[in-house]
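Visitor: Sequence and predicted structure below; questions after.
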2 protein chains.
Amino acid sequence: MQIPVVRNVLEANEKMAAHVRARLNDRGILALNLISSPGAGKTTLLERTLTDLVSRFNMAVIEGDLQTDNDARRVAATGAQAVQINTEGGCHLDSNLVLSALEKINLEGLDILFIENVGNLVCPVEFDCGEDAKVAILSVAEGDDKPEKYPLLFHLAKAMIINKIDLLPYLDFDVQKACGFARRLNPDLSTFEVSCRTGQNLDLWYAWLEKMLADKKSGSALRT
Amino acid sequence: MQIPVVRNVLEANEKMAAHVRARLNDRGILALNLISSPGAGKTTLLERTLTDLVSRFNMAVIEGDLQTDNDARRVAATGAQAVQINTEGGCHLDSNLVLSALEKINLEGLDILFIENVGNLVCPVEFDCGEDAKVAILSVAEGDDKPEKYPLLFHLAKAMIINKIDLLPYLDFDVQKACGFARRLNPDLSTFEVSCRTGQNLDLWYAWLEKMLADKKSGSALRT
């Protein structure tokens, strides 16, 4: 009995995701859905990215959380547009919530929309939010076995950011092992080993963003 | 349309949880449902606990994971009975899965059953697995804001284990802040600040387990 209901929910979500995607494609806006466990560093990654790239791109953020508007406030402090969605216990964002949040964002001249999903390595993966790509963030404190144990995200993501590498000296995390698992699931995965605390290697992530945005703009130009 | 379905699922789960609970109560077995984000250290806590308390208690583990039997193998290496449940993508354990796993465990003479839930700070909280208590595990690498941002678990848990305190010198985690948030949600919460890596303060957790088990056995003796 449960399965057809789940299927209906997912189908309804995909229809709405197509609306989100159409609206963003029309304007050549790159949309990235950031997915990770709680505390892997999504918000800190955004704070850094929004601050460091403020002069190059016009960026906005949709913040998904069960409760509080802490993250939207952190992100808005960088000067970026930020909209908080509280799911009130819901374990993921869906395209309907994202569509409502879009109403509150000025899309004029926007380059990149970041969707920071609820901290959860499982449920958000199945719900298309109309993004161009999912980005997986994995903290080295979580262990190098996570791509093997939570495979769907790493299979579907276009990029994996291994964060908090400043903690590597104090942990048994094997970067090659984590990347190996992830690349077996997804040979085209782009991987970045960064510390959002120290800023190490964030330039590589920024170059990837720039490339993704250029591809999006040229694709968008072809479509129009 | 979705809400009554969810309610039916939860009601069915509660009925089955009552069966699990009755079976464990009959034998005075203490059951604890361990819930945390991915990589907070549930399995390492169990490895330590099973090893350190092997001469005092007869313990078994039900391991919940989306994929792999890595954790059951780690836990079985301590000599404890271990049963792996693979949810094949499912984001939480439920009482029906636990009931099936119980069939594979010798309950005779068992003192403590640990249920290691799927790594997820949201969904497992709503599904009673027939346990006596939920135990929340929070790694200091996740940030001290997690009780505020994921309140339901910390509201319902009987104990909170703050793990990986050996990493505190390298992080901005404020233990008092995390405990303060959690205790506002749940004034009776027992809290432990431990390192499963170094073993620091695990004796306090072991004393709590012993007390919980004694209460269970005396409650069980009253019932019979």
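Guide: Good, I have the coordinates.

Visitor: Now the spatially most central residue of chain A: phi and psi?
Guide: Among the residues of chain A, the one closest to the centroid is A:L34, at 1.5 Å (CA atoms, centre = their mean). Here is the backbone geometry of A:L34 (degrees, to the nearest 10): phi -90, psi 120.

Visitor: Compute the distance between it and B:G130, please.
Guide: 36 Å (CB to CB, to the nearest Å). Glycine gets a C-beta too; all of them are placed from N, C-alpha and C.

Visitor: lowest average confidence, helix or strand, in chain A?
Guide: helix A:2-26 (a mean of 88; mean pLDDT, DSSP states H and E).

Visitor: quick one: stretch A:60-68 to chain centroid distance?
Guide: 12 Å (CA atoms, centre = their mean, to the nearest Å).

Visitor: And the least confident helix or strand of chain A, what does it pack against?
Guide: strand A:30-36, helix A:95-102, helix A:202-223, helix B:2-26 (3 or more CB pairs under 8 Å, 6 or more residues apart in numbering or on different chains; DSSP states H and E).

Visitor: at 6 Å instead, please
Guide: helix A:95-102 (3 or more CB pairs under 6 Å, 6 or more residues apart in numbering or on different chains; DSSP states H and E).

Visitor: Mind exporting the C-alpha coordinates of stretch A:117-128 to CSV?
Guide: What follows is stretch A:117-128, C-alpha atoms only, in CSV (Å, rounded to 0.1, in the frame of the first residue of the first chain):
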residue,chain,number,x,y,z
ASN,A,117,19.1,20.8,2.0
VAL,A,118,18.2,19.5,5.4
GLY,A,119,21.1,17.7,7.0
ASN,A,120,20.4,14.1,6.0
LEU,A,121,22.4,11.7,3.8
VAL,A,122,19.4,9.7,2.8
CYS,A,123,16.0,11.3,2.2
PRO,A,124,17.0,14.5,0.3
VAL,A,125,18.7,12.4,-2.4
GLU,A,126,15.4,11.1,-3.8
PHE,A,127,13.7,14.5,-4.2
ASP,A,128,14.7,16.5,-7.3
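
Visitor: returning to that earlier point: please give the centre-to-centre distance between the least confident helix or strand of chain A and its chain.
Guide: Using CA atoms, centre = their mean, the offset of helix A:2-26 from its chain centre is 18 Å.

Visitor: Repeat that for stretch A:178-196.
Guide: Worked out by CA atoms, centre = their mean, stretch A:178-196 lies 15 Å from the chain centre.

Visitor: For that stretch, buried residues please.
Guide: Buried residues in stretch A:178-196, counted by 16 or more other CB atoms under 10 Å in any protein chain shown: A:178-179, A:181-182, A:185-186, A:189-196.

Visitor: Is A:I162 within a helix or a strand, and which one?
Guide: strand A:159-163 (DSSP states H and E).

Visitor: Show me what that strand packs onto, helices and strands only.
Guide: strand A:133-139, strand A:190-193.

Visitor: Select, out of these, the one closest to chain B.
Guide: strand A:133-139 (6.0 Å; CB to the nearest CB).

Visitor: where does chain A have low pLDDT?
Guide: A:1-4, A:220-224 (pLDDT under 70).

Visitor: picking up where we left off before, pull up the pairing partners for the strand holding A:I162, direction included.
Guide: Looking at strand A:159-163 with DSSP bridges, its partner strands are strand A:133-139 (parallel), strand A:190-193 (parallel).

Visitor: who's in contact with the first one?
Guide: So that's strand A:133-139. Outside strand A:133-139, the residues within contact range by CB atoms under 6 Å, 6 or more residues apart in numbering or on different chains are A:32-36, A:40-42, A:146, A:153-154, A:156-164.

Visitor: Could you show which parts of chain A are in contact with chain B?
Guide: Contact residues (CB under 6 Å from any CB of the partner chain) of chain A with chain B: A:5, A:37-39, A:65, A:67-68, A:91, A:120-123, A:141-143, A:146, A:148-149, A:151, A:167, A:170.
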